[in-house]
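A.B. asks: my questions concern the predicted model and sequence given below.
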Amino acid sequence: MTDFFKGHGLGNDYVALAMEGLGFELTPPAVRLLCDRHTGVGSDGILARVPSSAADFGVRIFNPDGSEAEKSGNGLRIFAAYLLEQGDVEERAPFTVETPGGIVRMEVLQVSSDGVLSVEVEMGTATFRSADVGLPGPDRETEDEPLELASGDVVRINTVSIGNPHCVVFADELDLDDLRRRAPQISTHPNFERGVNVQFAVPMEPDGVEAWVWERGAGETRASGSSACAVAAAAVRRGMVSERQVAVRMPGGTLHVHVRDDWSLVLRGPVESVYRGTLTEGMLRRLEILG
């Protein structure tokens, strides 16, 4: 019997489960089957709870293509909802979670009468160094730097790392057909040795940014917490917004990011639990074979 939890943050959904006693390996093929929306549970990724000697809890974050992510703002907020339903954390009681991208401090701020959680995550400190996102050449702060794509297009990039790599492109407007054409070329560009999460963003003074996200290993995404943090940090750094409390509006909804003076980032947004389930014996056998 393998139980799992499913939740979403602004339409970005994850399955959470405990790695201990899982009964199968979370290999890339197994992750892809679990995330498949036709033959599996269906999700934008897997949150696997693991032990931690450095924090209260540990988590490994898997993208739907089977690769692992260093950090996920939406995933971490969903993980908080999972821990709350497990009875392992309480409302208004901070706790820490170790991710491959570093240790984060989290808190379930409020649970509404209809079950929507407001969760705050201290996402770490933004850096703008090229080496932190795997760009070649001398280590530098990457601001509005030209990047030629395979199509011959040139985009002006702003790189941000918050434990995982991001590439923010500021635009005058968001043309979805154009974004869907260019974003995959940026995400898999050979200059990014580990791949990169891509955001196209339009500043909306004084404290708002409209953004569209293409996640490494997942593709077009309705909302992304770490991407919202990257966009907010880049917008503040470039002076495109005048406030450090930034509302980042994405297709799935709005997340709020506080960009502190030392470039540490606090993310706040809603999470909803969707359901709990149990994997069938047949599914477990298929996963064991893939593992």
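C.D. replies: Great, that's in hand.
A.B. asks: could you list the low-pLDDT ranges of the stretch 1-150 of the chain?
C.D. replies: Scanning the stretch 1-150 of the chain for pLDDT under 70 picks out 1.
A.B. asks: and the helices in it?
C.D. replies: Assigned by DSSP state H, counting those that start in this stretch, the stretch 1-150 of the chain shows helices spanning 28-35, 73-86.
A.B. asks: and those, which is most packed in?
C.D. replies: Of the helices of the stretch 1-150 of the chain, the one with the most neighbours on average (mean count of other Cβ atoms under 10 Å) is helix 73-86, at a mean of 25. The way it works is simple: take the backbone N, C-alpha and C, and place the C-beta from them, glycine included.
A.B. asks: run the chain-centre distance for it.
C.D. replies: 13 Å (Cα atoms, centre = their mean, to the nearest Å).
A.B. asks: also stretch 211-231?
C.D. replies: 7 Å.
A.B. asks: do stretch 202-220 as well
C.D. replies: 12 Å.
A.B. asks: show me what counts as buried in it.
C.D. replies: 202-204, 207-219 (16 or more other Cβ atoms under 10 Å).
A.B. asks: for stretch 95-114, same thing?
C.D. replies: Result for stretch 95-114 [16+ other Cβ under 10 Å]: buried residues 95, 97-99, 101-108, 111.
A.B. asks: kindly report the same for stretch 280-289.
C.D. replies: For stretch 280-289, by 16+ other Cβ under 10 Å, it's Met283, Leu284, Arg286, Leu287.
A.B. asks: for stretch 183-199, same thing?
C.D. replies: For stretch 183-199, by 16+ other Cβ under 10 Å, it's 183-187, 189, 191-192, 195-199.
A.B. asks: what mean pLDDT does the host helix or strand of Val168 get?
C.D. replies: Following DSSP states H and E, the helix or strand that holds Val168 is strand 165-170. Strand 165-170 carries an average pLDDT of 98.
A.B. asks: dump the C-alpha coordinates for that strand into PDB.
C.D. replies: Below are the C-alpha coordinates for strand 165-170, written out as PDB (Å, rounded to 0.1, in the frame of the first residue of the first chain):
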ATOM      1  CA  PRO A 165      19.000  28.600 -12.500                       C
ATOM      2  CA  HIS A 166      16.700  31.200 -14.100                       C
ATOM      3  CA  CYS A 167      16.800  33.300 -17.200                       C
ATOM      4  CA  VAL A 168      14.500  36.400 -17.200                       C
ATOM      5  CA  VAL A 169      13.700  38.200 -20.400                       C
ATOM      6  CA  PHE A 170      11.900  41.500 -20.100                       C
END
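A.B. asks: distance to Asp44 for the buried residues of stretch 95-114 - can I get that in a markdown table?
C.D. replies: Output for the buried residues of stretch 95-114, formatted as a markdown table (distance: Cβ to Cβ, whole Å):
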| residue | distance to Asp44 |
| --- | --- |
| Phe95 | 24 |
| Val97 | 19 |
| Glu98 | 21 |
| Thr99 | 16 |
| Gly101 | 17 |
| Gly102 | 21 |
| Ile103 | 23 |
| Val104 | 19 |
| Arg105 | 24 |
| Met106 | 19 |
| Glu107 | 23 |
| Val108 | 21 |
| Val111 | 23 |
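A.B. asks: still on that earlier bit, in the buried residues of stretch 183-199, find the pair that's most separated.
C.D. replies: Asn191 and Gln199 (16.9 Å; Cβ to Cβ).
A.B. asks: who are the contact partners of Ala218?
C.D. replies: Asp44, Gly45, Asn63, Pro64, Asp65 (Cβ atoms under 8 Å, 6 or more residues apart in numbering).
A.B. asks: return a ChimeraX selection command for the buried portion of those.
C.D. replies: In ChimeraX, a selection of the buried entries from the contacts of Ala218 looks like this (16+ other Cβ under 10 Å):
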select :44,45,63,64
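A.B. asks: leaving out chain neighbours, which residue sits closest to the most centrally placed residue in the chain?
C.D. replies: In the chain, the residue lying closest to the centroid (Cα atoms, centre = their mean) is Ser72, at 3.0 Å. Closest residue to Ser72 apart from its sequence neighbours, by Cβ to Cβ, 6 or more residues apart in numbering: Ile61 at 5.1 Å.
A.B. asks: repeat for Ile186
C.D. replies: Val198 is the one closest to Ile186 (Cβ to Cβ, 6+ apart), at 4.7 Å.
A.B. asks: name the residues linked to the one you found by a beta bridge.
C.D. replies: Cys167, Trp214 (DSSP bridges).
A.B. asks: hmm, it is touching Ala183, no?
C.D. replies: Yes: contact criterion Cβ atoms under 8 Å: Val198 and Ala183 qualify, at 4.6 Å.
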